[in-house]
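**Q** What shape does this take:
(one chain, ligands or ions: 2)
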Amino acid sequence: MSEMNFRAPQRARRTTESHARKPSESSSTAPRDASFASQATASSGGPAEGERYSVVGEHARGGLGRILEAADLRLKRSVALKELLRPDEDEEARFMREALIIARLQHPAIIPIQDVGRWPSGKPYYAMKLVSGRSLAELIEEKKSVRERLALLPNIIAVSDAMAYAHSQRIIHRDLNPANVLIGPFGETVVIDWGLAADLSNPSGSPVPPRKSVSAGDGAGPRLTIEGAVLGTAEYMPLEQAQGREVDERADVYALGAMLYHLLAGVPPYDGENSAAIMEKVIQGPPIALERQQRGLPDELNTIVRKAMAREARDRYSTAKELAEDLKRFQTGQLVSTHAYTSWALARRWTRRNRSEPERAPAYSSPLVAGPGSHRLDCLAEEVSDRRRRLEIASRNCGRSAT
Ligand SMILES: Nc1ncnc2c1ncn2[C@@H]1O[C@H](COP(=O)(O)OP(=O)(O)O)[C@@H](O)[C@H]1O
Ligand SMILES: [Mg+2]
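**A** Ligands and ions are numbered 1, 2, ... in the order given. Predicted coordinates for the structure are as follows:
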């Protein structure tokens, strides 16, 4: 891929305005928003190129880059600036591809990029929306029960929708994991970190593995792994990716299934001391079945996860769109396309739908009750109480016939 033209570094002009600070000069004690008023004057037409951002401090760190919170002095708002931790030629080329791929993707659940540039030192950065929420990884960690975690199902659906759109543009992410999904304070879902994304319509423009090996993370979330030909995050990596084979949309489908597994089970499908150990397990065999990790889940959800995480790519949903559609069918109480319903289950669904309103009232309400269909957990509770009723009747009948 040709070199991306970041703006040439500009020398700071002499000005009466305060100069933007380089990251190395950033101070986490600087006021977060005060800089807008004090550093940009309307009469001057705004800050010059190269002085546009005033860095407030480091916001977060990933395996390859760090995110700075900064004030955009021109548009007078907070932004996130991403820059590389260990810039070199390969990393910069990768970083530039990341910026271009994000710029191509226009979707409400995909982080919007706003600007690219270089610091006076020559180090590249790009500016994007600052998401003030938390990562899906943190939210899953904090929820104690499966019911609480299930309330995050709409966020997984939003990620699947975003990936359905990206796949329609022939872009695959290749590093979907709960740390790369941010959830804003109003539930908005944003997929970030497109550093390993590949453009299937232009394979030569896709990131190549770096010469060195990297296995990094902040300790809390999953670790990014780059070893030899393998790129990605081991816990959510399909077999073909762990083996360093070519991947397509179905690698993202697997990762979405693995995120769903993590959400439902409360633990990722695989664990291990380090990325290499986890990848070894991925190669050896499937994870513990979801229904054994978390009992009592609706069968349809088990089926969806099993299908999305199939070891062979040809057995998975072929795109994120199909997975998103099945998840939405589940959420709205429709028949899930991949699930084989028994005639008993179908009859029960029919009976439930045709009961009068008071009879249909769920045993307890679920945060996922959405519109016309009630959530499967409600059905589960109903089924349990139905079975109990039938057992009582059966044992009463037995007692009568014994006397
Ligand atoms: N736009 C953003 N707004 C807020 N936080 C962000 C944003 N982008 C990334 N982060 C935070 O920074 C961390 C590292 O960013 P990421 O792009 O994943 O870097 P890396 O490529 O090194 O993994 C993320 O896990 C997230 O917590
Ligand atoms: Mg990341």
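
**Q** When you work out contacts or count neighbours from here on, use the C-alpha atoms and nothing else.
**A** Will do.

**Q** Over to Lys129: give its phi and psi.
**A** Lys129 adopts backbone torsions of phi -60, psi 140, taken as degrees, to the nearest 10.

**Q** Same question for Trp344.
**A** phi -60, psi -40.

**Q** Could you report the neighbour count for it?
**A** Using other Cα atoms under 10 Å, Trp344 is surrounded by 9 other residues.

**Q** now His107
**A** Summarising burial for His107: neighbours were counted as other Cα under 10 Å, giving 16.

**Q** Could you tell me how far it is located from Pro203?
**A** Counting by Cα to Cα, to the nearest Å, the gap between His107 and Pro203 amounts to 23 Å.

**Q** what's the answer for Thr189, then?
**A** In this structure, Thr189 and Pro203 are 28 Å apart, going by Cα to Cα.

**Q** Among those two, which residue is more densely surrounded?
**A** Looking at Thr189 and Pro203 with other Cα under 10 Å, you find the greater number of neighbours at Thr189, namely 27 against 11.

**Q** which one is the more buried one nearest to, not counting chain neighbours?
**A** On the basis of Cα to Cα, 6 or more residues apart in numbering, the spatially nearest residue to Thr189 that is not a chain neighbour turns out to be Ile183, at 4.7 Å.

**Q** who's the one you found bridged to?
**A** Judged by DSSP bridges, the bridge partners of Ile183 are Arg134, Thr189.

**Q** my guess is it meets Ile192, correct?
**A** No - contact criterion Cα atoms under 8 Å: Ile183 and Ile192 do not qualify, at 10.7 Å.

**Q** the more surrounded of these two?
**A** Between Ile183 and Ile192, Ile183 has the larger neighbour count (other Cα under 10 Å), namely 23 against 20.

**Q** Who are the contact partners of the more buried one?
**A** When contacts are counted by Cα atoms under 8 Å, 6 or more residues apart in numbering, Ile183 is found next to Val131, Gly133, Arg134, Ser135, Leu136, Asn155, Thr189, Val190.

**Q** Per-residue confidence at the last one, what does it come out as?
**A** Meaning Val190. Predicted confidence (pLDDT) at Val190: the value is 98.

**Q** One more: the first one?
**A** For Val131, the model assigns a pLDDT of 95.

**Q** all strands in the chain, in order from the N-terminus.
**A** In the chain, strands defined by DSSP state E lie at 53-61, 65-72, 77-84, 113-118, 124-129, 134-135, 171-172, 181-183, 189-191, 198-199, 214-216, 224-227, 230-233, listed in chain order.

**Q** Gln243: neighbour count?
**A** Gln243 - counted by other Cα under 10 Å - has 15 other residues nearby.

**Q** Quick one: name the residues of this protein near ligand 1.
**A** Where proximity means Cα under 6 Å from any ligand atom, the interface of the chain facing ligand 1 comprises 60-67, 80, 128-132, 179-180, 192-193, 195.

**Q** Mind giving me the ChimeraX command for buried ones among the residues you listed?
**A** Of the residues of the chain next to ligand 1, the buried ones go into a single ChimeraX selection, burial set by 16 or more other Cα atoms under 10 Å:
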select :61,62,63,64,65,66,67,80,128,130,131,179,180,192,193,195
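
**Q** Residue of the stretch 301-403 of the chain closest to ligand 1, please.
**A** Of all residues in the stretch 301-403 of the chain, Ala320 sits closest to ligand 1, at 20.9 Å by Cα to the nearest ligand atom.

**Q** If you rank the contacts of Ile183 by neighbours, which is first?
**A** Neighbour counts for these (other Cα under 10 Å) peak at Thr189, which has 27 neighbours.

**Q** Contacts only, for it.
**A** Neighbouring residues of Thr189 by Cα under 8 Å, 6+ apart: Ala109, Asn155, Ala158, Val159, Val181, Leu182, Ile183.

**Q** go with 7 Å
**A** Ala109, Asn155, Ala158, Val181, Leu182, Ile183 (Cα atoms under 7 Å, 6 or more residues apart in numbering).

**Q** Repeat that for Asp326.
**A** Neighbouring residues of Asp326 by Cα under 7 Å, 6+ apart: Val336, Ser337.

**Q** Look up how far Thr332 lies from it.
**A** With the distance defined as Cα to Cα, Asp326 ends up 10 Å from Thr332.

**Q** Please identify the one among the contacts of Ile183 that lies nearest to Gly285.
**A** Using Cα to Cα, Leu136 is the member of the contacts of Ile183 that lies nearest Gly285, at 26.4 Å.

**Q** ok, and the closest non-adjacent residue to the closest one?
**A** Nearest non-adjacent residue to Leu136 (Cα to Cα, 6+ apart): Pro178, at 4.8 Å.
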